Every structure is written in structure tokens, then in C-alpha cells.
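**Q** I need the structure of the sequence given here:
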Amino acid sequence: MRYLKDATIWTGEKLIENGWLLIKDGAIAEVGTGSIEDGESVSGKIIMPGFINMHSHLYSTLFRGFGISIMPITFKDILSEVWWQWDKKMDEKAVYYSALIGGIESLKAGITTIVDHHASYGYIKGSLRSLKEAVVDTLGMRADFCFEVSDRNGKEPAEKAIEENIEFAEETSGSSLLSAHIGLHASFTLGDETLIKVKKLTPEGIGFHIHLSEGIEDEIITRKVHGKSPTARLRDHGLLNQKSIVVHGIHLDEEEKNILKGQDVIFAHTPQSNMNNAVGTAYIRDLLQKGINVVLGTDGYSLNILNELRTLPLLQKHTKRDYNAIGLAELIKIWENGYSAASRLFGIKVGKIKPGYAADIIVADYEPFTPINDKNFYGHLLYGMTDRLNVLDVYINGKKVLSDGNPIGVEYHKVRQEAQAVAKKMWERMGYNA
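**A** Here you go, the predicted structure:
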């Protein structure tokens, strides 16, 4: 049992001044305002629900600063000449330290739940357990993992990837901190035989996490080879359900959007990555108006979900040359959808500071120079906290996992040094010497 007091609390619904909260058995037990004797004072700080990253690639963490010597022309070139080469050269250490350092940086950015889509064809069996060891066991984060099944490296590696997904998914029951999906790359790198096998072996109640229509290649190749859209193909193979996550969806036509709505999937939007890869823009208002569950992810481009929130309206407005291409109410809906999606995946309630919700919260410094209240909180989240929020403490499931900006139980300095050494070896395997 733990009291935090003397704080400004954003409950997810209202702002409480001079507030206090009680954490008990991993959940929020009480919330109030005024002076109380018990508890730890966090005077001058703001407490709010932790953030959700619904699509990440932790395996890309050690790529930061890597020098690319090639000049890819198409998105398929970026995949085949960069990322598919990178993941084939990953070993156990690279996977573990990518996840550990990526998890730490995520905590520092206020992220308490991370849904990761992993690929390491140089180290398949045991890779998801390495992620779990780093992110859940060591750092105490709430996380969902899967391995990216693809036929790009041949039949045997694809079968090993399927096995890794299935074995890991069967081990995740009983923990509210851990969930799993069956990972799939994209329709154009997956044959029918592989998709049939995936569906046949997947346990009931498990969703699929897949890149959908990110590059135009996915649409062109899938329609040419299989005679239908990628979305229709996934539906016909029984791979779209309420727990399935589709990512990107940039080149979807109306029929495909209607399919996604009908299957009630989770749609992860990653604006910064889409801009960086020059693949185009998913028009988010169109998806929201259909009732599609749009959420935010980072796609490995960064480890800061607030930056994705700020980039989202900029990209929509810029691409459409329309200031009203998306509004604040729609951005709030997307942000709140992240909490609803995480609650759906983990079987608990997250995203609010009120009794019965998991105590996944952050304590941060934020000193606004304009008034902050119930009505304009999201304006501060979007335009102020993206630059000025300093996350100090993080609690997940009621347990303090970050204290004064440092992960508890981890010697951050040593982890950084080891990560640098592992990254150097990865770069050398890629033919780049820093």
C-alpha cells in the first residue's frame, strides 16, 4: 500500500489540484484532494496515466547512429537492403540489449506499456524470451511480443518463426504484465501455405500483428499474385479479429477499410516512420469516421510516443493542405484508443487514475507558463509536454520501476556501456565501422 500526495493529478477525465492517490495490490484504490498525513509528497509534480506504444520494433534500438552507405530507391529496397540484413545479423546479446536499452528509454519517455513486433532471423528460437527477460522481468514493464513470420528467408526460417510465436504465446497466460501476438511481416512476403499453417497452429484468443499496405508493393504484389487486396486476403485466412493489430494502412481502398471496421481490429498509425520511409500518408479522419480503432505506435523510429502524437496532425494538415484535416477531439480519441486497446490485450483496465484501474502511472515535472485545467489538458499534452515533460518516477502494476529518472535494479551506466559494445559488433557485422 502506497500513498502519493500533494500532486496535480490528471485522472484521464479531470485535473485535481493538491491531490492524493492510494495504490493497493497493483491498482488505484482511492483518489482524493486535500491534505493527508500518510504518504510520499510529490509536491510540484504532475501525476498522470502512463503512455502506450502500440507498435514498436525494439530490435532497431542499436541502429541509432548507424551509417547507411546505400541509397535505397523504393520502400522494398529499404527493407531488403537495410532492415532484412540487420535482423539476420542479430544474435542473442543484440536482441537482449536492444530490448533492455529500448525499454529504459521508453520508461524515461513515460511509456508503461509496449507492444513490440520483433525480427531477428539470426536468432529465432528463444528471442521472445530474451525480450521478456529484458523488458518485463528486469524493467517491470507491461509488454506484448511477437516474432515477424516471413517467407523472405525461405521455408525453414519461416517455420522456426511460427514455432517461436506459438511456444511463446502458450507461455504468457497468468501474467497481467505479459501478452503475445502471432507476428506476420506483410502479405507480399507471405505465401498461402505459411498463412494456412499460422492460422491452424494459433491458439484460440490470440491476435495477429501485421504490417498492412505500408508500401505500395504490398498492394501491387498481393493483388497480382493472389487476385485480392492484402486486407481481403488476411480476412479470408482468418487472421483479423478483435485482438489483431494492423499497422500503417497507407494504401487501403474503401473496401479494405470496411473490412477492417467489420473485423473490429486495432489499427496502429506511425506517422514519423511513414514520413521517414516516404511511403505516404494514412488519412486518419477517414478511418475514425468508419469507427476503426486507430492507435499510435513508433515503429522503431523513436522511443517517444508523445512525438508521434504531435507529428500526427502536422502530417495530416501538411499532406492535405488543410488546417482542419484533423481536430483535437480526434487526437484525444486516438490517444484514449491506445488505453482501450491495451486493456483489450491484457485483460485489465489502464489509462485512468481511478479506483479499479491498474496503477500504471508516471510522476513528472511539468511547469506550464499558461493555465492548465480540465478543458485544455490535451492542448498541454500536445503542444507543451512534448517539449517540457520530464518523467521522474514510473509505477507499473503498482510497483515503482523508475526513480528520479533511473531504472530500479539496473545499473544504467553499465547497461549503456554494454549496449555500445554490442552495437559496435552489430555494425561491424553490417560492414560499417564507426
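**Q** please name the nearest non-neighbouring residue to V401.
**A** G140 (4.0 Å; Cβ to Cβ, 6 or more residues apart in numbering). (Glycine included, C-beta is placed from N, CA and C.)
**Q** okay, now the one you found: neighbour count?
**A** 23 (other Cβ atoms under 10 Å).
**Q** report the contact partners of I104.
**A** With contacts defined as Cβ atoms under 8 Å, 6 or more residues apart in numbering, the neighbours of I104 are L139, P407, V410, Y412, V415.
**Q** again, 7 Å this time
**A** Contacts here follow Cβ atoms under 7 Å, 6 or more residues apart in numbering; on that basis I104 touches L139, P407, Y412, V415.
**Q** likewise for L100?
**A** With contacts defined as Cβ under 7 Å, 6+ apart, the neighbours of L100 are A134, T138, V415.
**Q** surely it is within a strand?
**A** No - with DSSP: H, G, I helix; E, B strand; the rest coil as the criterion, L100 is assigned helix and is not in a strand.
**Q** where does pLDDT dip in this structure?
**A** Counting by pLDDT under 70, the chain has low-confidence residues at 70, 433-434.
**Q** okay, now the domains of it?
**A** 2-50+352-405, 54-346 (automatic domain parsing).
**Q** any chance of those domains in TSV, with distance to G431 too?
**A** Written out in TSV, the entries for the domains of the chain read as follows (distance: least, Cβ to Cβ, whole Å):
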stretch	distance to G431
domain 2-50+352-405	36
domain 54-346	8
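**Q** how about those, which one is nearest Y432?
**A** Closest approach to Y432 among those (Cβ to Cβ): domain 54-346, 5.3 Å.
**Q** can you give the distance of that closest one from its chain's centre?
**A** Between the mean C-alpha point of domain 54-346 and the mean C-alpha point of its chain there is a distance of 8 Å (Cα atoms, centre = their mean, to the nearest Å).
**Q** ends of it, how far apart?
**A** The straight-line separation of the ends of domain 54-346 (Cα to Cα, to the nearest Å) is 12 Å.
**Q** what's stretch 270-287 in contact with?
**A** Residues external to stretch 270-287 that are found in contact with it (Cβ under 7 Å, 6+ apart): 55, 75, 78, 214-215, 247-251, 257, 267, 269, 294, 297-299, 301-302, 307-308, 311-312, 315-316, 319, 325-326, 330.
**Q** most tightly surrounded among the domains of the chain?
**A** Burial of these is given as mean neighbour count (mean count of other Cβ atoms under 10 Å); domain 54-346 ranks first at a mean of 20.
**Q** and the helices in the stretch 201-350 of the chain?
**A** According to DSSP state H, counting those that start in this stretch, the stretch 201-350 of the chain carries its helices in the segments 216-226, 230-236, 254-263, 271-277, 284-289, 305-320, 328-346.
**Q** could you work out which of those reaches nearest to G207?
**A** Ranking these by distance to G207, with Cβ to Cβ as the measure, places helix 328-346 first at 7.6 Å.
**Q** other SSEs contacting that closest one?
**A** Counting contacts by 3 or more Cβ pairs under 7 Å, 6 or more residues apart in numbering; DSSP states H and E, helix 328-346 packs against strand 51-56, helix 284-289, strand 293-296, helix 305-320, helix 377-383.
**Q** just the buried residues of the contacts of I104.
**A** Buried by 16 or more other Cβ atoms under 10 Å: L139, P407, V415, out of the contacts of I104.
**Q** element containing the last one?
**A** Element membership of V415, judged by DSSP states H and E, is helix 412-429.
**Q** which secondary structure elements does that helix sit against?
**A** Contact here means 3+ Cβ pairs under 7 Å, 6+ apart; on that basis helix 412-429 packs against helix 92-108.
**Q** which is the next helix or strand following the helix it packs on?
**A** Counting by DSSP H and E, the next helix or strand C-terminal to helix 92-108 is strand 111-118.
**Q** kindly calculate the angle that that following strand makes with helix 328-346.
**A** With axes from the mean of the first three to the mean of the last three Cα atoms, to 10 degrees as the criterion, the two stretches strand 111-118 and helix 328-346 enclose an angle of 70 degrees.
**Q** the helix or strand just after strand 111-118 - contacts with which helices or strands?
**A** Following strand 111-118 in sequence order, the next helix or strand is helix 127-132 (DSSP H and E). Helices and strands touching helix 127-132, as assessed by 3+ Cβ pairs under 7 Å, 6+ apart, comprise helix 92-108, strand 111-118, strand 142-147, helix 155-169.
**Q** will you turn the ones you listed into CSV that also has distance to I23?
**A** Putting those into CSV (distance: least, Cβ to Cβ, whole Å) gives the following:
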stretch, distance to I23
helix 92-108, 17
strand 111-118, 14
strand 142-147, 15
helix 155-169, 30
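**Q** which among the ones you listed is found nearest to L402?
**A** L402 lies closest, by Cβ to Cβ, to one member of the helices and strands packed on helix 127-132: helix 92-108, at 4.8 Å.
**Q** tilt between that closest one and helix 305-320?
**A** Here helix 92-108 points in a direction 80 degrees away from that of helix 305-320 (the same axes, to 10 degrees).
**Q** hang on, the earlier thing: touching the helix holding V415 from outside, list them.
**A** With contacts defined as Cβ under 7 Å, 6+ apart, helix 412-429 is touched by L62, F66, K89, K93, A94, Y97, L100, I101, I104, N406, N433, A434.
**Q** distance to R235 for those - can I get that in a markdown table?
**A** Written out in a markdown table, the entries for the contacts of helix 412-429 read as follows (distance: Cβ to Cβ, whole Å):
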| residue | distance to R235 |
| --- | --- |
| L62 | 36 |
| F66 | 37 |
| K89 | 35 |
| K93 | 39 |
| A94 | 36 |
| Y97 | 38 |
| L100 | 37 |
| I101 | 38 |
| I104 | 38 |
| N406 | 46 |
| N433 | 47 |
| A434 | 45 |
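**Q** and of these, the nearest to G398?
**A** Lowest distance from G398 to the contacts of helix 412-429 (Cβ to Cβ) belongs to N406, with 19.1 Å.
**Q** residue contacts, the closest one?
**A** Applying Cβ under 7 Å, 6+ apart, the residues near N406 are Y412.
**Q** just G103 next, same as before
**A** With contacts defined as Cβ under 7 Å, 6+ apart, the neighbours of G103 are A134, V135, L139, M141.
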